[in-house]
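Novice: coordinates only, no sequence provided:
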């Protein structure tokens with residue numbers, strides 16, 4: 001199971017890929033707010049654990065395993081944002097930071113319960129799609 005930092009890195013690579021931006025050491029360091037050497041060490045670890053690959057001239061790319069891990073975090077994040085807005089009545093513009101903290105601590109069981117309690121939503125409060133439980 002990836003660490004919190006690894007999950008953040010995978011989620012960021014996934015987000016960059018979906019926006020059409022190349023995932024590079026520099027872009028990850030900037031988005032994650034850490035140093036390039038820290039990102040380089042994380043990339044080596046994630047590559048050795050087969051979460052990502054570095055094809056020549058293409059930046060970083062998630063493997064199937066890496067995409068599953070990234071989608072798991074994205075799903076939890078978006079479910080949590082939805083829960084915070086619908087159940088706890090938080091404003092949609094203040095739930096992101098809370099979801100960032102909670103997404104790493106959510107168990108599979110609690111994720112399933114939140115999803116069911118919310119009626120299996122397909123979009124978060126920002127309009128972004130909530131990935132299905134087992135990937136795409």
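Specialist: Yep, it's here. Because the structure is predicted, anything quoted here is derived from the model rather than measured.

Novice: doesn't residue 22 make contact with residue 58?
Specialist: Yes: when contacts are counted by CB atoms under 8 Å, residue 58 is listed as touching residue 22 (7.5 Å). Yep, even glycine has a C-beta here, placed from its N, CA and C like the rest.

Novice: which of the two has more neighbours?
Specialist: residue 22 (13 against 10; other CB atoms under 10 Å).

Novice: give me the phi and psi angles of that one.
Specialist: phi -70, psi 140 (degrees, to the nearest 10).

Novice: what pLDDT does it get?
Specialist: For residue 22, the model assigns a pLDDT of 87.

Novice: mind checking how far it is from residue 55?
Specialist: In this view, residue 22 and residue 55 are 11 Å apart by CB to CB, to the nearest Å.

Novice: same thing with residue 124?
Specialist: From residue 124 to residue 55 the distance is 31 Å (CB to CB).

Novice: repeat for residue 11
Specialist: Separation of residue 11 from residue 55 (CB to CB) stands at 20 Å.

Novice: ok, back up a step: who has more neighbours, residue 124 and residue 55?
Specialist: Under the criterion of other CB under 10 Å, the comparison of residue 124 against residue 55 puts residue 124 first, with 24 against 8.
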